[in-house]
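Engineer: model the structure of this input:
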Amino acid sequence: MSEHKQDAFENAKAQIKKAYDIMDTSKIQDGFLEVISAPKRIIELQVPLTLDDGSVKLYQAFRCQHNDARWPFKGWIRFHPEVSRNEVKALSTWMTMKCAVIDIPLGGGKWGIVVNPKELSQTELERLSRGYVQGLYKYLGPKTDTPAPDVNTTPQIMAWMMDEYSKLIGVYTPGSFTGKPLTSWGSAGRGQATAQGWVYVLDKFLELRDDSIDWKTLCLQGAWNAGLTMAKLMVEKWIKVIGISDSGGWIYNEDGLDIDAISELKADKKSVTDYKWKAEKLDLKEVLYKKCDILIPAALENQITWENALKVQAKLIMELANGPITPEADEILEKAGIDIIPDILANAGWVMVSYFEWVQNDQNYYWTADEVQEKLKKRIVHSAENVFNTAKTNKSTYRVWAFIVALERVFAAMKDRWVL
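Structural biologist: Numbers count the residues shown, from 1 in each chain. So this is what the prediction gives:
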């Protein structure tokens, strides 16, 4: 594959435009498309960090607040060397759509720092996390903007950030951040929320097709927490995980891989390529092209593009990552007869449980893990069924109809609140 660079924000706008062109816009005022295609606010700042050796280094950081018509902004925090202005714009846009398609009262936002956290000590990471909050706390709060962890951020980082925000405003405020440890008033059931929500969506998809998950084959790109948790849940359902990758490469065995062994490798900060059992080892992106029943892109955005879409041989793609397939690739895959369950529905379990945590923090009353799972299943299955059935009725793709559902809800909130 060549190094053709895709613009994630342009992709997000193209997805919105495609849905907008199909939906009934007779009651939508002119200008709505322009408003929903642009973020409300983008904050850029430099975060100074005193390193352990006494030197000072500046880190570029962003916060994008896309739309709060459904109140308040909600979005993840990413620590990664490739974080950019356009990336956070795209991810905040998708978050607005995600919250709307599962019908929770949150808008879209996104944080990001251009940093490789693996290069920092634990104390440096804590100081950077607290420094980020110091630069942005006036724009945050449980009724304004409530971030959560994403790539390279953890519950511990959320606890530091929540603590720093509480110190700055002088009031202990656990609802200012979600995805926290249980000891800092996080939510039970949070750890497997993304993966469990994904499984509920897949189960409903197969049920509506009178199909079964038993002995289907699965390839996973991205052996991080959500991906591995999902793989474990799939193995329990008698599915075979035959291919899996991380930043070091990928492994393949048509008879299935030992997910517990791979999880132990990742816990020891090793690569899947250190797998000791029988497996073929190939370059990173080859996992996307292997013949399988279900392909799960669970890494970063822009993994399947017009340049490599024709190589995909999966029967179904379920997006665990945000924006892994470009609009051009969508069209190629659609023509090839490959179904795609989009990110804004497939990976929405995490934001659903993040919403539950926010509600529990506000009430200072906490649910059991079983109660969280029951609430998650009920709401995510209802959302999935709505998208699947209406897409079939209207002969549209699942992505297009998920965006239509989301856009209609966002527009209704904007119209009611702002008299558009």
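Engineer: run through who's touching the one helix or strand Glu331 maps to.
Structural biologist: When elements are assigned from DSSP states H and E, Glu331 belongs to helix 327-335. Outside helix 327-335, the residues that touch it by C-beta atoms under 8 Å, 6 or more residues apart in numbering are 11, 14-15, 18, 304-306, 308-310, 312, 317, 325, 340, 397, 399. Quick note: C-beta positions are derived from backbone N, CA and C, even for glycine.
Engineer: next step: those residues restricted to helices.
Structural biologist: Counting by DSSP state H, the part of the contacts of helix 327-335 found in helices is Asn11, Ala14, Gln15, Lys18, Arg399.
Engineer: can you map out the helices along the stretch 251-400 of the chain?
Structural biologist: Using DSSP state H, counting those that start in this stretch, the helices assigned to the stretch 251-400 of the chain run over residues 259-267, 327-335, 343-346, 349-363, 369-393, 398-418.
Engineer: can you redo those helices as CSV with mean neighbour count, mean pLDDT and distance to Gly170?
Structural biologist: Shown next, in CSV, are the helices of the stretch 251-400 of the chain (neighbours: other C-beta atoms under 10 Å; pLDDT from 0 to 100; distance: least, C-beta to C-beta, whole Å):
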stretch, mean neighbour count, mean pLDDT, distance to Gly170
helix 259-267, 16, 93, 39
helix 327-335, 18, 97, 47
helix 343-346, 28, 97, 37
helix 349-363, 23, 97, 18
helix 369-393, 17, 96, 31
helix 398-418, 21, 94, 30
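Engineer: mind checking pLDDT for the residue nearest to Ser176 when sequence neighbours are not counted?
Structural biologist: Leaving aside its chain neighbours, Ser176 sits nearest to Tyr165 (4.6 Å; criterion: C-beta to C-beta, 6 or more residues apart in numbering). Per-residue pLDDT puts Tyr165 at 98.
Engineer: and Gln46, by the same measure?
Structural biologist: You'll see Gln46 listed with a pLDDT of 97.
Engineer: please spell out which residues along the host helix or strand of it are buried.
Structural biologist: Per DSSP H and E, Gln46 falls inside strand 41-50. Of all the residues in strand 41-50, those buried under the rule 16 or more other C-beta atoms under 10 Å are Ile42, Leu45, Val47, Leu49.
Engineer: what's the closest of those to Asp293?
Structural biologist: Looking at the buried residues of strand 41-50 and their distance to Asp293, the nearest is Ile42, at 40.6 Å (C-beta to C-beta).
Engineer: OK, contacts around that closest one?
Structural biologist: By C-beta under 8 Å, 6+ apart, the contact set of Ile42 is Phe62, Arg63, Cys64, Gln65, Arg85, Val88, Lys89.
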